[in-house]
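# need coordinates for the following:
(one chain, ligands or ions: 1)
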Amino acid sequence: MPSKTEETFVNHLLAQMSLEEKLGQLNQVNPGSEFDPSVLREGKAGSLINASGALTGQGFSDSGSAELSNHFQKLALEARLKIPLLFGRDVIHGFRTVFPIPLAQAAAFDPDLAGQAASIAAREATASGIKWTFAPMLDIARDPRWGRVAEGNGEDPFLASQMARAVVKGFQGDDLSAPEKLIACAKHYVGYGAAEGGRDYENGEISEPTLRDVYLPPFHAAVKAGAGTLMSAFIDLNGIPATANRRLLTDVLRGEWGFDGFVVSDWESVKELIHHGVAEDEAHAACLALQAGLDMDMVSGVYLNTLGESLRQGKISMEEIDEAVRRILRIKHRAGLFDQPFTDPLRARRDLLTPEARNLARQFARQSMVLLKNDRDLLPLQGFRRILVAGPFVHARGELFGTWTPDGRTEDVTPLDEALRQTAPKDVELWFAEATDLALHLAHHADAVVLLLGEHPVRSGENCNVSDLGLPPGQAEFVQAMAALGKPLVLVVFAGRPLAITQQVSLADAVLYAWHPGIEGGAALGEILFGVEAPSGRLPITFPRATGQVPIYYNQKNSGRPVHPEGQFKTRYLDLPPSPLFPFGFGLTYTRFEYSNLRLSSDTLRGTLEISAEITNIGARPGAEVVQLYIRDLVGSLTRPIRELKGFQRVTLQPGESRCVSFTLREEDLAFTRADGTFGVEPGKFHVWVAPDSVSGLRGEFRL
Ligand code: GLC
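Coordinates of the predicted model:
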């Protein structure tokens, strides 16, 4: 909530501002090729986007982004009221130190790690003159055809909410005015992941209960964590574009949640209200968005160019303009910009790409990789003298970054083959082959084969949707040919989404999903392949057997004719089993865990209920297990999901070690949007699981 001092400062400044100066604050500009810096001197811009390293080509040095930002800031402070500019940039999963993509980060099931990574990204970005990032991206996604599934935290609202809280805190800290802290922007508000067909920018239909209980919770978590800003989504949600949706932008966000920051549109999404067909022209679009509660226009210019005339025509009020300006000034004040508008250029040399940052990136990459298959415990690779490593990723560098990494630099990345050489045991001879024919030739003389396949980052991210979730062309044939040789075969998949690798999984002995693991992905992969570390990631999103199985997700409703192996309804498709290839929460490691001794503190939940189970490492190696807590509300005024994640804990156990893992379930954890539209609980019977994934585990029962 705003402090008295903050409000006094903001209202005092607002009272001095002219209409033009107010409209300038609502306007974000992109200093592209035809950019005229005089707009800054004239107070016609409140924010700059992309003002950072990517523009150092304008004659600025390596740390030019700080000098560049300072250059633009000086111009802005020449304006009459000296209101500092807010520099924004997409710092989505790291700045110069590129961490695993957010979907991979979610696979680590370690929000604290994500918070640490966000804190490092904030330090690096602010050292480069950036004070505002357009992250975290919190769109729940149930359709991996959508390229932006890479940027979010998968299909589950509980996991995504935990990540949202940690990343906002990591970016912003407890004092947003600290020089190394970054204003967060929870995006894309809301429902963007429900775009039909997984096609970016398409419309989406979400029922109110699903909107409330699946898509909104991560944004609510971000707001509760103090996120300074949100960004509206490129989506026509139930017939109302998110950029002009007053119910969501004002009634829910401000009215229900008490959000006191500001909302920025997505790129030109104010102007795009015309394409959506809800605005006749730019002036109409600007009025609709402003009156809905959308405060800053990202680069379309329609606020700056039309709101003055709309005010004169009485189509909007000065109070509506003032409220948007107030919110922006409030966040600028909270970020300390009025006191410290400039960046110390010397910071960049000290704060970028530190050893600590690299180590965290490597740990994060290791923890995010998911072992999906490991027949005969082929991994970790041991006892093989000559190992062939083949496929299009053998020399990968920038390809490890993933989507949205404008400040990552290829030269910072150890090539994957070199990284594997550095981590392989000395008595192992590694051969590398990118071309298929060479690989097939060498494989005859190798003791084991590791194939590095998957999708290049150019196929991942915004507007990179695919109609077929199979591996990119040629790779399936490569796996088939290699498998025919009968050598022990490991498949490592790099991707920004779940791929339908059903056939490849059946052909390989071991499968490791590496996502796009970031700057230290090569070393992390080597440490896992050769057993220096064990994999511990778990799937944050369901893996379909085929594209045609989409949408498929774990927290689905039961239907009136549930699939039951022994029942009349055994399947949903004639040509596919009803289960996914791999379920949400699934992942293997180099040891095995036994779950026993499920205990509930009572058979009735009054206030809270303690649930515990004994987890034992019954293998010969240490390992980390992500113990998951699920519930099922068996009867509701609305149909309820067959499982809902309500907790998880990572535990590391030595061989033979047992640990009692316990969770506390509170009454409010069982609340949902009921048939009458209210949010709350309903008495009745519940199932509860302590489980290794969303389809197994020890089940108990209790009543509320
Ligand atoms: C893009 C994306 C958004 C990003 C913005 C600024 O279109 O949708 O996520 O933050 O533009 O780059």
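# quick check: the residue of the stretch 301-450 of the chain nearest the ligand.
Among all residues of the stretch 301-450 of the chain, W404 sits closest to the ligand, at 7.9 Å; criterion: Cβ to the nearest ligand atom. Every C-beta, even on glycine, is put in place using the N, C-alpha and C of the backbone.
# so where do the strands sit in the stretch 251-400 of the chain?
Using DSSP state E, counting those that start in this stretch, the strands of the stretch 251-400 of the chain run over residues 262-264, 297-298, 370-374, 386-390.
# in CSV: those, plus mean pLDDT.
Shown next, in CSV, are the strands of the stretch 251-400 of the chain (pLDDT from 0 to 100):
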stretch, mean pLDDT
strand 262-264, 99
strand 297-298, 98
strand 370-374, 98
strand 386-390, 98
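# the residue of the stretch 301-450 of the chain closest to the ligand: what's it in contact with?
W404 sits next to 90, 92-93, 151, 461-462 when contact means Cβ atoms under 8 Å, 6 or more residues apart in numbering.
# give me the pLDDT value at it.
W404 carries a pLDDT value of 92.
# would you double-check that it falls in a strand?
No - W404 is assigned coil when assessed by DSSP: H, G, I helix; E, B strand; the rest coil, not a strand.
# nearest residue to it other than its sequence neighbours?
Among residues not flanking W404 along the chain, I92 sits closest, at 4.1 Å (Cβ to Cβ, 6 or more residues apart in numbering).
# for the one you found, give its distance to C185.
I92 is 10 Å from C185, where distance means Cβ to Cβ, to the nearest Å.
# give me the phi and psi for A448.
A448 has phi and psi values of phi -160, psi 160 when expressed as degrees, to the nearest 10.
# burial check on it, number of neighbours?
Around A448 there are 22 other residues, counting by other Cβ atoms under 10 Å.
# ok, E667 next?
Using other Cβ under 10 Å: E667 sits among 14 other residues.
# excluding its backbone neighbours, what's nearest it?
Counting by Cβ to Cβ, 6+ apart, V681 is the residue found nearest to E667 once chain neighbours are left out, at 5.9 Å.
# likewise I101?
With sequence-adjacent residues excluded and distances taken as Cβ to Cβ, 6+ apart, I101 is closest to G402, at 3.9 Å.
# quick one on the thing from earlier: of the contacts of W404 - the most surrounded one?
In terms of neighbours by other Cβ under 10 Å, the contacts of W404 top out with H93 at 34 neighbours.
# residue contacts, the residue nearest to that one when sequence neighbours are not counted?
Spatially, and ignoring its direct neighbours in sequence, H93 is nearest to F99 (4.8 Å; Cβ to Cβ, 6+ apart). F99 sits next to 93, 105, 117, 121, 360-361, 364-365, 518-519 when contact means Cβ under 8 Å, 6+ apart.
# measure F99 to P355 for me?
As judged by Cβ to Cβ, F99 and P355 stand 15 Å apart.
# so which residues of the stretch 51-200 of the chain form helices?
With helices called from DSSP state H, counting those that start in this stretch, the stretch 51-200 of the chain shows them at 64-76, 102-107, 111-127, 157-172.
# now G46: how far from the ligand?
In this view, G46 and the ligand are 16 Å apart by Cβ to the nearest ligand atom, to the nearest Å.
# pLDDT value on that residue, please?
As predicted, G46 sits at a pLDDT of 98.
# what number of residues lie near the nearest residue to it once chain neighbours are set aside?
Distance criterion Cβ to Cβ, 6+ apart; nearest residue to G46, sequence neighbours excluded, is Q25 at 3.7 Å. When neighbours are counted by other Cβ under 10 Å, Q25 registers 31.
# just the pLDDT at the residue in the stretch 351-500 of the chain that the ligand sits nearest to, thanks.
When scored by Cβ to the nearest ligand atom, the stretch 351-500 of the chain has E462 as its residue closest to the ligand, at 5.5 Å. What the model reports as pLDDT for E462 is 94.
# for the residue of the chain found nearest the ligand, what are its contacts?
Taking Cβ to the nearest ligand atom as the measure, the chain has F134 as its residue closest to the ligand, at 3.3 Å. Going by Cβ under 8 Å, 6+ apart, F134 touches 88-92, 185, 187, 231, 264.
# what does L19 give?
L19 sits next to 308, 311, 318, 321 when contact means Cβ under 8 Å, 6+ apart.
# of all those residues, which comes closest to L371?
The nearest member of the contacts of L19 to L371, counting by Cβ to Cβ, is I321 at 55.2 Å.
# what's the neighbour count on the closest one?
Number of residues near I321 (other Cβ under 10 Å) recorded here: 24.
# please name the nearest non-neighbouring residue to it.
Sequence neighbours aside, K22 is the residue nearest to I321 in space, at 5.5 Å (criterion: Cβ to Cβ, 6+ apart).
# work out for me the element that neighbour sits within.
helix 19-25 (DSSP states H and E).
# elements contacting the very next helix or strand once past that helix?
Proceeding N to C from helix 19-25, the next assigned helix or strand is strand 27-29, under DSSP H and E. With contacts taken as 3 or more Cβ pairs under 8 Å, 6 or more residues apart in numbering; DSSP states H and E, strand 27-29 sits against strand 47-49, strand 297-298.
# and for the last one, what's in contact with it?
Meaning strand 297-298. Under the criterion Cβ under 8 Å, 6+ apart, residues 26-28, 49, 231, 264-270, 286, 289, 303-304 lie in contact with strand 297-298.
# also the longest one?
Contacts of strand 47-49 from elsewhere in the structure, counted by Cβ under 8 Å, 6+ apart, are 27-31, 69, 72, 85-89, 132, 264, 296, 298-299.
# drop anything exposed from these.
Among those, the ones that count as buried by 16 or more other Cβ atoms under 10 Å are 27-31, 69, 72, 85-89, 132, 264, 296, 298-299.
# find the residue at the geometric middle of the protein.
Centroid-nearest residue in the chain, with Cα atoms, centre = their mean: G152, separated by 2.6 Å.
# wait, it touches V167, no?
No - counting by Cβ atoms under 8 Å, G152 sits too far from V167 to count as a contact (11.4 Å).
# tell me the spacing between L512 and E155.
Separation of L512 from E155 (Cβ to Cβ): 21 Å.
# look at those two and report which has more neighbours.
Taking neighbours as other Cβ under 10 Å, L512 and E155 compare with E155 leading, 29 against 23.
# can you show me the CA trace of stretch 588-600 as PDB?
What follows is stretch 588-600, C-alpha atoms only, in PDB (Å, rounded to 0.1, in the frame of the first residue of the first chain):
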ATOM      1  CA  LEU A 588      13.300 -40.200 -12.000                       C
ATOM      2  CA  THR A 589      16.800 -40.000 -10.400                       C
ATOM      3  CA  TYR A 590      19.700 -42.400  -9.800                       C
ATOM      4  CA  THR A 591      18.200 -44.000  -6.800                       C
ATOM      5  CA  ARG A 592      14.700 -45.100  -5.800                       C
ATOM      6  CA  PHE A 593      12.400 -43.900  -3.000                       C
ATOM      7  CA  GLU A 594       9.800 -45.800  -1.100                       C
ATOM      8  CA  TYR A 595       6.800 -44.100   0.400                       C
ATOM      9  CA  SER A 596       5.300 -45.600   3.500                       C
ATOM     10  CA  ASN A 597       3.500 -44.900   6.700                       C
ATOM     11  CA  LEU A 598       1.000 -42.300   5.600                       C
ATOM     12  CA  ARG A 599      -0.400 -40.500   8.700                       C
ATOM     13  CA  LEU A 600      -3.200 -37.900   9.100                       C
END
